[in-house]
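Enquirer: I would like to see how this sequence folds:
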Amino acid sequence: FWLLVLVILPYLYLFENSFRPYLPISEMGGPKDVYSFDNYLTFFQSPIHIQVFLYTVIYSAVVTALCFFIAYPLAYYLAKVARSNLVPTLFLLLLIPLWVSEVLRSFAWFIILALKGPLNFVLTGVGIIDQPIRWMTGFRSVIIGLVYTYVLFMLFPIYNAIQSLDTNQIEAAEDLGSPWWRTHWRVILPHSKPGIASGSVMVFMLSAGSILVPTLLASTNSRWFTEIIQQWMFESQDWNTGSAYAFLLLLLCTIFVSVVMRLFRVKLSDIAK
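Expert: Numbers count the residues shown, from 1 in each chain. From the prediction side, this is the model:
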């Protein structure tokens, strides 16, 4: 019931509106109110919007990769190295930031990454850099904010996958003379594929669909595709074109899910675990 009311019906309404023209209320249902692909063609006729779309895809993939490289060693440490009585405390420390609103966390990073913010103050104070760095240019600040916001969505699926691995398999590989990197490559990573795929799907979809972090941390030359959708819907009041743009983003996420599943050779049921 909730899936039908909160997901399926709203998406069907947006899908139907994406093929209808943006008209005044008095002309709705009239001879001009016909279905067409004009709203979708608006995207392909705008080089700027295509560029923003591609940047959103590329940098969402970068965020996903960075989250994996951060989350995998941490997940392995929590699952196989850390003492069992220490793990709950570590999880608590990781979960505390989730108790704070995403808006406040983004504002906190806005302050940290400012030209005269704490990060530049520390780096110049210890002599690592001579001049303050403008972190709020390009996509650097957006990537930092998205990685911080969504890294736990990569950590927990990988942790669950590694925790289910029998420790005897790791010990057997070490007893047979396998170096640590080969043990991870041949034993741990293959077992963790469902968790990695699940985390990658969630991080990529959340990053590509994020609106708060790019709005607060982006610069003038680092727009996010969701910002364009928001402009169509709330500033231009053109819900029809905004719906078309939203479905293009949904199509992208669907394609990414399919590619990740094929790449890791996992089924949808494995990701759902």
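Enquirer: which one is I196 nearest to, not counting chain neighbours?
Expert: I158 (6.0 Å; CB to CB, 6 or more residues apart in numbering). (C-beta placed from N, C-alpha, C; glycine too.)
Enquirer: identify the residues contacting that neighbour.
Expert: 68, 71-72, 75, 192, 195-196, 199 (CB atoms under 8 Å, 6 or more residues apart in numbering).
Enquirer: what of I211?
Expert: Counting by CB under 8 Å, 6+ apart, I211 has contacts 224, 226-227, 230.
Enquirer: for those, give me CSV that also has pLDDT.
Expert: Output for those, formatted as CSV (pLDDT from 0 to 100):
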residue, pLDDT
W224, 88
T226, 89
E227, 89
Q230, 88
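Enquirer: would you turn the residues you listed into TSV with secondary structure?
Expert: Output for the contacts of I211, formatted as TSV (DSSP: H, G, I helix; E, B strand; the rest coil):
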residue	secondary structure
W224	coil
T226	helix
E227	helix
Q230	helix
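Enquirer: closest to E27 out of those residues?
Expert: Q230 (25.1 Å; CB to CB).
Enquirer: setting the sequence-adjacent residues aside, check what's closest to that closest one.
Expert: Distances taken as CB to CB, 6+ apart place I211 nearest to Q230, at 6.2 Å, with adjacent residues excluded.
Enquirer: and that neighbour, how far from A65?
Expert: 22 Å (CB to CB, to the nearest Å).
Enquirer: re the thing from before, pull out the buried members of the contacts of I211.
Expert: Buried members of the contacts of I211, scored by 16 or more other CB atoms under 10 Å, are 224, 226-227, 230.
Enquirer: quick one: which of those is nearest Q45?
Expert: Closest approach to Q45 among the buried ones among the contacts of I211 (CB to CB): E227, at 19.1 Å.
Enquirer: okay, now the unreliable bits of the stretch 151-273 of the chain?
Expert: 268-273 (pLDDT under 70).
Enquirer: helix, strand or coil: sort out Y22 for me.
Expert: Classified using three-state DSSP, Y22 is coil.
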